[in-house]
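K.L.:
below are the sequence and a predicted model for it; my questions follow.
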Amino acid sequence: MPQQGQPQDVLAPPATAAIFLVVTVRPGGEDAVRGLLPDIAGLTRAVGFRSPEDGLSCVTGLGAHLWDRLYGPPRPRGLHPFRALAGAVHTAVSTPGDLLFHLRARRPDLCFELARQLMSRLAGHADVADEVHGFRYFDERDLLGFVDGTESPSGPDAVAAVRVGGEDPAFTGASYVVVQKYVHDMRGWNALPVEAQELAMGREKLSDIELPDERKPSNSHVALNTIVDADGTQHQIVRDNMPFGSIGADEFGTYFIGYAGDVGVIETMLEKMFIGDPPGNHDRILDFSTAVTGGLFFVPTADFLDDPSPRLALASAATAADPPPTSDDGPPDDGPSGDGSLGIGSLRRNGTS
Ligand code: HEM
């Protein structure tokens with residue numbers, strides 16, 4: 001049985017630059033991907049060693065359809081295409097993506113060079129579906145002007161939040177990642193008084209202090225994203241959002257990236273934001289932030305990228321002994337939940353359910 005594998009650099013130290021590359025693989029491109037995956041660590045070392053103090057890292061995620069093409073069933077238990085959500089007012093779209101490369105460093109040129117090297121290996125076999133270059137903005141602020149990332153866990157809490165555990169023994173140590181590219185209505189947002197912005201976010205803008213419960217509206221971003229069980233257990237995810245933008249194109253955005261060992265925690269947060277909790281009580285920041293992409297990926301351990309066969313064998317054996325429920329994939333990458341509903345009924349109170 002594979003040991004608890006060495007995780008990829010999911011919990012990389014804070015970066016000042018990032019590239020988020022979402023890639024689709026052409027039919028017949030599977031062998032090029034199979035050839036690249038074991039080489040990613042070496043490519044990252046080759047580029048990063050030229051400036052070790054700048055901490056280049058790369059996390060590689062695999063989408064559900066690509067998993068099926070590369071390895072066939074069974075999938076890791078939480079891997080499925082991103083489920084679009086249509087609330088009464090706002091929609092979380094699902095967009096194509098087979099591979100995610102999350103590149104981070106303290107210098108953008110390192111991310112750029114590694115992205116170039118990775119894509120040169122896939123030339124003719126894959127296409128970049130979405131590319132975002134993120135940057136650190138002052139004291140970790142997003143372009144809405146708020147400090148972003150404060151309550152993302154660190155240390156042992158972060159490890160516990162992002163690791164697949166005994167519920168899927170073939171893939172212990174792996175993670176799931178959800179990405180969404182948001183563009184902001186900066187004029188609308190900046191027309192709000194700061195106090196209204198603080199009520200939308202649930203924190204003070206300048207000091208970054210959380211609003212007390214009696215002042216924090218139930219549709220604030222922080223209130224809707226705090227998931228606590230009846231027994232007081234809080235379900236957390238690790239976020240590493242980055243601002244991005246283009247002055248000329250009048251585009252100002254936040255690239256959301258969230259890692260979890262239980263992807264259901266992230267999906268519950270999204271349901272609360274877009275459908276609302278209770279339904280209709282959607283996240284106020286969505287009135288100024290439009291999700292233009294959405295993707296869900298499995299982040300295998302580094303040993304899987306080197307050689308997937310031991311874990312695939314273990315997964316097959318586990319599935320033969322205990323078949324998972326039938327697939328709940330929706331239509332590929334662009335529709336509402338697979339059952340044709342909007343997923344409202346599935347709003348979970350417990351992220352681990
Ligand atoms: C436009 C996109 C987004 C922006 C600008 C944004 C910004 C922020 C800010 C400023 C905070 C408060 C400080 C902090 O603890 O980080 C926050 C908290 C949080 N956000 Fe977001 N966020 C966005 C999207 C999302 C999405 C899509 C999710 C989940 C799927 C999410 C989950 C969370 C969580 C879990 C917290 C911490 C809540 C707490 O425990 O206090 N965010 N976000």
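P.N.:
Structure's in. What do you need?
K.L.:
would you mind listing what in the chain touches the ligand?
P.N.:
For the chain, the residues in contact with the ligand (Cβ under 6 Å from any ligand atom) are 142, 144, 146-152, 180, 182, 201, 203, 221-222, 225-226, 237, 239, 241, 254, 256, 258, 266, 269-270, 285, 289. All C-beta spots, glycine's among them, are computed from the backbone N, C-alpha and C.
K.L.:
which among those count as buried?
P.N.:
142, 144, 146-149, 152, 180, 182, 201, 203, 221-222, 225-226, 237, 239, 241, 254, 256, 258, 266, 269-270, 285, 289 (16 or more other Cβ atoms under 10 Å).
K.L.:
filter the residues you listed down to the ones in strands?
P.N.:
Among those, the members falling in strands (DSSP state E) are 180, 182, 239, 254, 256, 258, 289.
K.L.:
now those residues as a markdown table including pLDDT?
P.N.:
Below are these laid out as a markdown table (pLDDT from 0 to 100):
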| residue | pLDDT |
| --- | --- |
| Q180 | 99 |
| Y182 | 99 |
| R239 | 98 |
| T254 | 99 |
| F256 | 99 |
| G258 | 98 |
| S289 | 99 |
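K.L.:
tell me the pLDDT of L347.
P.N.:
pLDDT recorded at L347 is 38.
K.L.:
ok, now A321?
P.N.:
85.
K.L.:
now it: how far from the ligand?
P.N.:
The spacing between A321 and the ligand, counted by Cβ to the nearest ligand atom, to the nearest Å, is 33 Å.
K.L.:
quick one: the strands in the stretch 251-353 of the chain?
P.N.:
Using DSSP state E, counting those that start in this stretch, the strands of the stretch 251-353 of the chain run over residues 251-260, 289-291, 295-299.
K.L.:
quick one, strands of the stretch 51-200 of the chain?
P.N.:
57-62, 85-86, 91-92, 99-105, 126-135, 175-184.
K.L.:
so which of these is nearest T293?
P.N.:
Across the strands of the stretch 51-200 of the chain, T293 has its closest neighbour in strand 175-184 (4.3 Å, Cβ to Cβ).
K.L.:
from the middle of its chain, how far away would the closest one be?
P.N.:
Mean-position distance between strand 175-184 and its chain equals 5 Å (Cα atoms, centre = their mean, to the nearest Å).
K.L.:
angle of it against strand 295-299?
P.N.:
Strand 175-184 runs at 150 degrees relative to strand 295-299, counting by axes from the mean of the first three to the mean of the last three Cα atoms, to 10 degrees.
K.L.:
show me the helices in the stretch 201-350 of the chain, by range?
P.N.:
221-224, 263-274, 302-306, 309-321 (DSSP state H, counting those that start in this stretch).
K.L.:
just name the most buried of those.
P.N.:
Comparing the helices of the stretch 201-350 of the chain by mean neighbour count (mean count of other Cβ atoms under 10 Å), helix 263-274 comes out on top with a mean of 24.
K.L.:
got the buried residues for stretch 184-199?
P.N.:
By neighbour count on 16+ other Cβ under 10 Å, the buried set for stretch 184-199 is 184, 186, 189, 192, 197-199.
K.L.:
related to what we said a few turns ago, turn the strands of the stretch 251-353 of the chain into a markdown table, including distance to D109.
P.N.:
Output for these, formatted as a markdown table (distance: least, Cβ to Cβ, whole Å):
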| stretch | distance to D109 |
| --- | --- |
| strand 251-260 | 19 |
| strand 289-291 | 29 |
| strand 295-299 | 25 |
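K.L.:
for those strands, which one ends up most surrounded?
P.N.:
Neighbour counts (mean count of other Cβ under 10 Å) averaged over each of the strands of the stretch 251-353 of the chain peak at strand 295-299, with a mean of 26.
K.L.:
Q6: neighbour count?
P.N.:
By other Cβ atoms under 10 Å, the residues close to Q6 number 13.
K.L.:
what's the closest non-adjacent residue to it?
P.N.:
Excluding its sequence neighbours, the residue lying closest to Q6 (Cβ to Cβ, 6 or more residues apart in numbering) is A302, at 4.6 Å.
K.L.:
state the distance from that neighbour to P76.
P.N.:
15 Å (Cβ to Cβ, to the nearest Å).
K.L.:
quick check: G35 touching R121?
P.N.:
Yes: counting by Cβ atoms under 8 Å, R121 is a contact partner of G35 at 7.5 Å.
K.L.:
the two: who's more crowded?
P.N.:
Set side by side, G35 and R121 show more neighbours around R121, with 15 against 12, by other Cβ under 10 Å.
K.L.:
so what's that one up against?
P.N.:
By Cβ atoms under 8 Å, 6 or more residues apart in numbering, the contact list for R121 reads 32, 35-36, 39, 43.
K.L.:
buried ones among those residues?
P.N.:
Applying 16+ other Cβ under 10 Å to those flags 32, 36, 43 as buried.
K.L.:
what's the separation between the first one and the ligand?
P.N.:
According to Cβ to the nearest ligand atom, A32 stands 32 Å off from the ligand.
K.L.:
residues contacting that residue?
P.N.:
25, 121-122, 124-126.
K.L.:
now swap in the second one and tell me
P.N.:
Shown here is L36, whose contacts under the criterion Cβ under 8 Å, 6+ apart are 118, 121-122.
K.L.:
the same query, at a cut-off of 10 Å, please.
P.N.:
29, 43, 60, 99, 117-119, 121-122, 125-126, 305 (Cβ atoms under 10 Å, 6 or more residues apart in numbering).
K.L.:
repeat for the last one
P.N.:
With contacts defined as Cβ under 10 Å, 6+ apart, L43 is in contact with 36, 58, 113-114, 117-118, 120-121.
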